[in-house]
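S.K.: compute the structure for the input listed below.
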Amino acid sequence: MSVPTAFDDEPRDLPPAIEAIEAEARSMGFQLSSDRRTGALLRALAASKPGGDLLELGTGAGVGTSWILHGMDAGSRLVTVDFDTKVSAVPRRHLAPDPRVTFIDRDAAEFLRSASSGSFDLIFADAPPGKIVDLDLALDLLRPGGIYVVDDLLPQPSWPAGHGSLVADFLDRLALRRDLVTCSSGWSTGLLIGVKTG
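M.R.: Reported below is the predicted structural model:
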């Protein structure tokens, strides 16, 4: 048996609509979608929550949404929130027939303020609300054992000026939490996973 000289981390089992969604995102100039390695991680984490309630903050063009749905079982439910209806129309065209997903056209910060504590088993925070701002509100929505996921913690071409200091502040605030066990990685676009402990 030969040992590979390089590890190929390119995902192979792709969500059914992912290529069409990525193509539409490119054609409209949307550059904020999660990459496929992050998507594969989201799929695996979603699969770890059978019958779970999952939340995505920042639907965007639906790349992350499609990966999460690809990992969910039939009894799980996904709520995905975004205020930009022009961009989120892309995943609605491709994914709305799936009864497990609910699209909410709303500012994520408003959604966080209206949701009930302990409502979700997994949160993918892919928008400033729930990550850069309103972190405590997002973490309050996690049940014990729930998973909190963020990406784009390494410098990205899409970052506006000064965003790096906001990310550093986010990581500092997260380190102060005593109800979250975290693991960060320089893999993909820079990821952090946290598990709610109480």
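S.K.: only C-alpha atoms for contact and neighbour calcs from this point on.
M.R.: Noted.
S.K.: flag every buried residue along the one helix or strand L41 maps to.
M.R.: For L41, the host element (DSSP states H and E) is helix 36-47. Across helix 36-47, burial judged by 16 or more other Cα atoms under 10 Å covers R36, T38, G39, A40, L41, L42, R43, L45, A46, A47.
S.K.: report the central residue of the chain.
M.R.: For the chain, the residue nearest the mean C-alpha position is F124 (3.0 Å; Cα atoms, centre = their mean).
S.K.: checking my notes, it in a strand, right?
M.R.: Yes: looking at F124 with DSSP: H, G, I helix; E, B strand; the rest coil, it is inside a strand.
S.K.: G29 versus that one, what's the distance?
M.R.: F124 is 23 Å from G29, where distance means Cα to Cα, to the nearest Å.
S.K.: again with L176
M.R.: L176 is 37 Å from G29, by Cα to Cα.
S.K.: following element in sequence after the helix or strand L69 falls within, please.
M.R.: Taking DSSP H and E as the criterion, L69 maps to helix 63-71. Using DSSP H and E, the helix or strand that follows helix 63-71 in sequence is strand 77-82.
S.K.: give me the angle between that following strand and helix 36-47.
M.R.: Angle of strand 77-82 versus helix 36-47, following axes from the mean of the first three to the mean of the last three Cα atoms, to 10 degrees, is 140 degrees.
S.K.: now strand 77-82, how far from the chain's geometric center?
M.R.: Chain-centre distance of strand 77-82: 10 Å, with Cα atoms, centre = their mean, to the nearest Å.
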